[in-house]
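Enquirer: sequence isn't available, so here's the structure alone:
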């Protein structure tokens, strides 16, 4: 969607970006075999969680401040966490619940109970299915996908991995991405489809959870496809200012060294500082954060992981609960007051004149405040426009403004960290922008000592 040459997000993409932060769960036979990529020849009986508790997963995610959960319904080994009619490598063939279990059903019910959104990861690669590598397989995959899309309520995101290996017959599958995407939209028209080229959202180009300091939500996808045919890593990480499609970034990372649970990594959960850096480098750089917390062999999130999630939540709450700029006066240089930037409502905005490609405005506080975090937001239903900006603070001693930061894109949300400063005036310069920048908010915050 575009207007006057500007690419715009869909309503679904706007709603997706407002989620900001959600849980990834890698779970399957690999959890029990201590490998990252299973070969598809595992005995289904290895999958036998002793105390699976999907309620615990969802409660943990909700208390961590997350808005949804995406689970590996089928990884590369082909094992299905639901009793698929199109595979013999599923929970139905396992000893868990005597073959009567359905992980997706339990997660779906828990998500509905606690008000979180549910998403699914389905790898088209299948190292178990005998049809993989034949023309028949694409329809087999679509049949599996359809079961998931129609059987478990609303799905907010479908995560397609582009991995593509040889099948048991030595042939490599040619994936029919148009068929796969069309199947999603047929059954879940509001779902966001993730892949290297979207169309709903894109991989950020690394598995460290780090978006580019410059991060455009637009990208050219023509001639590219998921997996080996993906755009260059730099493009995935930074987007493209003149990209023809709105494909915002999603930053995925695991809280542990691997994606699946391993007892050997119980002591290697990422530190609070590492997770904070990831948060500011993803949500703080116009990307959503998909944080993997693998379920253990009991079928529960390990206490080490949940403890760290709660530490992160506490620090983020204490940081962002009070916007020191709330209600403050904002004035454009030689122009009107910009009250909507400090009203705390992301649905309101201030639109500069359509012909302008730069602007300056000053935040005037009633008292001197101390802060070390700054938040800026564009009104993304109207597209992404700002190309570069700088931040200045009033220095009482020097009786003048001094530059605090200089950066490039803003997008849905930009968060800056810096040593604490004390001032009662902050000046923002939009140095370069597509014509008519439109801003939705500004915030000043003070992070707690931790």
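Expert: Here it is on my side, so go on. Just so we're clear, the structure is a prediction, and the values are computed from it rather than from any experiment. Numbers count the residues shown, from 1 in each chain.

Enquirer: only C-alpha atoms from now on, for both contacts and neighbour counts.
Expert: Noted.

Enquirer: off-centre distance for the host helix or strand of residue 291?
Expert: Per DSSP states H and E, residue 291 falls inside strand 287-292. When C-alpha coordinates are averaged (C-alpha atoms, centre = their mean, to the nearest Å), strand 287-292 and its chain have centres 4 Å apart.

Enquirer: how far away is residue 442 from residue 379?
Expert: 12 Å (C-alpha to C-alpha, to the nearest Å).

Enquirer: among these two, which residue is more densely surrounded?
Expert: Under the neighbour definition other C-alpha atoms under 10 Å, residue 442 and residue 379 were set side by side, and residue 442 has more, 26 against 23.

Enquirer: quick one, phi/psi of that one?
Expert: phi -140, psi 140 (degrees, to the nearest 10).

Enquirer: what's the pLDDT at it?
Expert: Turning to residue 442, the model gives it a pLDDT of 97.

Enquirer: and if you look at the one 4 residues further on?
Expert: Model confidence at residue 446, expressed as pLDDT, equals 98.

Enquirer: repeat for residue 336
Expert: 69.

Enquirer: ok, now residue 198?
Expert: We have a pLDDT of 98 for residue 198.

Enquirer: please, where are all the helices along the stretch 251-400 of the chain?
Expert: Taking DSSP state H, counting those that start in this stretch as the criterion, the stretch 251-400 of the chain carries its helices at 272-282, 303-320.

Enquirer: contacting residues around the residue sitting nearest the centre point of the chain?
Expert: Centrality entry for the chain: nearest residue to the mean C-alpha point is residue 288, 2.9 Å, by C-alpha atoms, centre = their mean. Listed by C-alpha atoms under 8 Å, 6 or more residues apart in numbering, the contact set of residue 288 reads 17, 19, 20, 21, 249, 250, 251, 282.

Enquirer: who's in contact with the second one?
Expert: So that's residue 19. 66, 67, 68, 288.

Enquirer: export those to TSV and tack on distance to residue 11 and secondary structure?
Expert: As requested, the contacts of residue 19 are exported to TSV (distance: C-alpha to C-alpha, whole Å; DSSP: H, G, I helix; E, B strand; the rest coil):
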residue	distance to residue 11	secondary structure
66	21	coil
67	18	coil
68	18	strand
288	16	strand
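
Enquirer: buried subset of those?
Expert: 66, 67, 68, 288 (16 or more other C-alpha atoms under 10 Å).

Enquirer: with pLDDT added, can I get the residues you listed in CSV?
Expert: Shown next, in CSV, are these (pLDDT from 0 to 100):
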residue, pLDDT
66, 98
67, 98
68, 98
288, 98
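
Enquirer: tell me the one of those nearest residue 241?
Expert: Nearest to residue 241 among those, counting by C-alpha to C-alpha, is residue 288 at 18.6 Å.

Enquirer: which strand residues bridge that closest one?
Expert: In this entry, residue 288 is beta-bridged to residue 250, by DSSP bridges.

Enquirer: tell me the spacing between it and residue 256.
Expert: With C-alpha to C-alpha as the criterion, residue 288 and residue 256 are 19 Å apart.

Enquirer: swap in residue 58?
Expert: Using C-alpha to C-alpha, we find residue 58 at a distance of 19 Å from residue 256.

Enquirer: which of those two has more neighbours?
Expert: More neighbours surround residue 58 than the other of residue 58 and residue 256, with 28 against 20 (other C-alpha under 10 Å).

Enquirer: confirm that the more buried one sits in a helix.
Expert: Yes - looking at residue 58 with DSSP: H, G, I helix; E, B strand; the rest coil, it is inside a helix.

Enquirer: show me what contacts it?
Expert: 69, 107, 110, 111, 114, 116.

Enquirer: likewise residue 338?
Expert: Applying C-alpha under 8 Å, 6+ apart, the residues near residue 338 are 329, 330, 331, 332, 350.

Enquirer: and the last one, bridged to which residues?
Expert: With DSSP bridges applied, residue 350 shows beta-bridge pairing to residue 439.

Enquirer: break the chain into its domains for me.
Expert: Split into domains by automatic domain parsing, the chain comes to 2-320, 329-445.

Enquirer: now the end-to-end length of the last one.
Expert: In this case it means domain 329-445. Terminal residues of domain 329-445 are spaced 16 Å apart (C-alpha to C-alpha).

Enquirer: tell me the one of the contacts of residue 338 nearest residue 79?
Expert: Among the contacts of residue 338, residue 350 lies closest to residue 79 (C-alpha to C-alpha), at 50.4 Å.

Enquirer: from residue 52, how far out is the closest one?
Expert: Going from residue 350 to residue 52 by C-alpha to C-alpha gives 49 Å.

Enquirer: next one: residue 390
Expert: Separation of residue 390 from residue 52 (C-alpha to C-alpha) stands at 50 Å.

Enquirer: quick one: which of the two has more around it?
Expert: Between residue 390 and residue 52, counted using other C-alpha under 10 Å, residue 52 has the larger neighbour count: 19 against 16.

Enquirer: list the contacts of the more buried one.
Expert: 298, 299, 300.

Enquirer: type out the PyMOL command that picks the buried ones from the residues you listed.
Expert: In PyMOL syntax, the buried subset of those is picked out as below (16+ other C-alpha under 10 Å):
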select buried, resi 299+300
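
Enquirer: tabulate the contacts of residue 52 (TSV), appending pLDDT.
Expert: Formatted as TSV, these follow (pLDDT from 0 to 100):
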residue	pLDDT
298	98
299	98
300	98
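
Enquirer: show me where the stretch 1-150 of the chain has helices.
Expert: Using DSSP H, counting those that start in this stretch, helices in the stretch 1-150 of the chain cover 11-17, 29-33, 54-63, 103-114, 135-151.

Enquirer: would you mark the buried spots in the fourth one?
Expert: This points to helix 103-114. For helix 103-114, burial by neighbour count (16+ other C-alpha under 10 Å) applies to 103, 104, 105, 106, 107, 108, 109, 110, 111.

Enquirer: leaving out sequence neighbours, find the closest residue to residue 9.
Expert: Closest residue to residue 9 apart from its sequence neighbours, by C-alpha to C-alpha, 6 or more residues apart in numbering: residue 246 at 5.7 Å.

Enquirer: again but with residue 231, I slipped
Expert: Residue 231 sits nearest to residue 224 (C-alpha to C-alpha, 6+ apart), 6.1 Å away.

Enquirer: so is the one you found in a helix, a strand, or just coil?
Expert: Recorded secondary structure, residue 224: coil (three-state DSSP).

Enquirer: give me the distance between it and residue 179.
Expert: Distance from residue 224 to residue 179, by C-alpha to C-alpha: 16 Å.

Enquirer: repeat for residue 171
Expert: The spacing between residue 171 and residue 179, counted by C-alpha to C-alpha, is 20 Å.

Enquirer: cool, and residue 425?
Expert: Distance of residue 425 to residue 179, given as C-alpha to C-alpha: 55 Å.
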